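Peer 1: 3D model of this:
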Amino acid sequence: MTGFRQDHDGVGVALSDGTSIRAQYLVGCDGGRSVVRKAAGIDFAGWDPTTCWIHAEVEMEDQPEFGLRGGGGIGPAEEGRIGVTLIEPDVIRTDEPTLEDLRAALIRVDGTDHGVHDPRFISRFTDMTRQAVSYRSGRVLVAGDAAHVHPPVGGQGLNIGVQDSVNLGWKLAQVVKGTSPSALLNTYQAERHPVGARVLQNTMAQRALGATDERTGALRDLLAVLLTMEEPRKHIAGMLSGLDVHYDFGEGHPMIGWRMPDLDLTTSSGPVRVFELLRNAKPALVNFGEAGALDITPWADRVQLIDAPYAGTLELPVLGEVAAPSAVLIRPDGHVAWVGSGTDDGLHDALTTWFGSPRRNAEGRN
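Peer 2: Below you'll find the predicted structure:
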């Protein structure tokens, strides 16, 4: 892509081969150096890198000692290969890393390159930490690394990038189909930007804990003690896994806004798991009470209604056990948009908010 121009009904994109395409919306999922984000003029605010690592999977003639060192470590990888992650002396490197760069890093740390050869891959990464100030500029949106970059500690980048895409995907589909107004896309920014900001914060904290001075060592020891306690451990685990992501849909039942647990359900068609219901990105209203108690006929073309009696409690990440409600409305991204307490109060409002206005019948009634 060399550029784009957007107007009131679409985006025209100029491609590097001289051709062009036109679409209703353009989504930049093109990484930390996102051409789409830059062309849209979206500021990428944050912090410059302080450290650069070289990272590779290779074969070696000599078996190195596995363990942490060199600001990273050396250890086993798949199919007998060896994984290497080591700090490089130069923070800013724009060239592609080579086998010679990896040899130099190994010699600095171990005094030998261990006869390294046949790399499966060699890459570099830094602790640069930045986030798009806005995830949307008109008909242009960004997701994944185009929206946020940070140190890869905890493996959180892939997780939140996928969550970004799932959150945006079903909303964009509804807007493109005309089911929902374009204002629905504003909820993408509102929901996902705070999640990205928090990951930036906790990865910076983890980088800070990696310092080797005695004061930081004392801080790590204190944190290790805290993590022997159940509540701090649950909090940190939920944060690093992304299972504690909660969207603010207003007050009500404690499940609202949280990710629905993957229950085993028994329906008239046989057993099914909750997440199987969402496989085709179609929202689900799961009725745990009396079959036929809920009517969503005006939304039947968009929302599946599942009668599946269920009693007892539900186990939610971070929240723990909660009593099973009478029904739950689950968005395609797995988050609970409405919870029933024996009635359908608020259900039609929730259906309209997330899945568009009710369909009218032949007589013009909802």
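Peer 1: hey, let's count contacts and neighbours off CA atoms from now on
Peer 2: Will do.
Peer 1: quick one: the helices in this protein?
Peer 2: 35-39, 99-110, 156-177, 186-209, 214-226, 230-241, 274-277, 347-355 (DSSP state H).
Peer 1: what's the closest of the ones you listed to Gly80?
Peer 2: helix 99-110 (18.4 Å; C-alpha to C-alpha).
Peer 1: next, the buried residues of that closest one.
Peer 2: Across helix 99-110, burial judged by 16 or more other C-alpha atoms under 10 Å covers 99, 102-103, 105-106, 108.
Peer 1: tell me which other helices or strands it touches.
Peer 2: strand 52-60, strand 82-88, strand 116-126 (3 or more C-alpha pairs under 8 Å, 6 or more residues apart in numbering; DSSP states H and E).
Peer 1: what about that helix, distance to the chain center?
Peer 2: Relative to its parent chain, helix 99-110 has a centroid offset of 34 Å by C-alpha atoms, centre = their mean, to the nearest Å.
Peer 1: by how many degrees do it and strand 82-88 diverge?
Peer 2: Compare the direction of helix 99-110 with that of strand 82-88 by axes from the mean of the first three to the mean of the last three C-alpha atoms, to 10 degrees and you get 80 degrees.
Peer 1: check contacts around Pro309.
Peer 2: With contact set as C-alpha atoms under 8 Å, 6 or more residues apart in numbering, Pro309 has these partners: 265-267, 287-291.
Peer 1: may I see the residues you listed arranged in a markdown table, with pLDDT, neighbour count and distance to Arg33 as well?
Peer 2: Formatted as a markdown table, the contacts of Pro309 follow (pLDDT from 0 to 100; neighbours: other C-alpha atoms under 10 Å; distance: C-alpha to C-alpha, whole Å):
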| residue | pLDDT | neighbour count | distance to Arg33 |
| --- | --- | --- | --- |
| Leu265 | 93 | 17 | 44 |
| Thr266 | 92 | 15 | 47 |
| Thr267 | 92 | 12 | 48 |
| Asn287 | 96 | 24 | 45 |
| Phe288 | 94 | 21 | 47 |
| Gly289 | 89 | 20 | 50 |
| Glu290 | 87 | 13 | 53 |
| Ala291 | 87 | 12 | 52 |
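Peer 1: out of the residues you listed, which sit inside strands?
Peer 2: 265-267, 287 (DSSP state E).
Peer 1: quick check, nearest of those residues to Ser134?
Peer 2: Within those, distances to Ser134 taken as C-alpha to C-alpha reach their minimum at Asn287, with 37.4 Å.
Peer 1: could you find the closest non-adjacent residue to the closest one?
Peer 2: Ala327 (4.4 Å; C-alpha to C-alpha, 6 or more residues apart in numbering).
Peer 1: quick one: contacts for the one you found?
Peer 2: For Ala327, the contact set (C-alpha under 8 Å, 6+ apart) comprises 285-289, 339-342.
Peer 1: same deal with Pro64?
Peer 2: Pro64 neighbours (C-alpha under 8 Å, 6+ apart): 74, 114.
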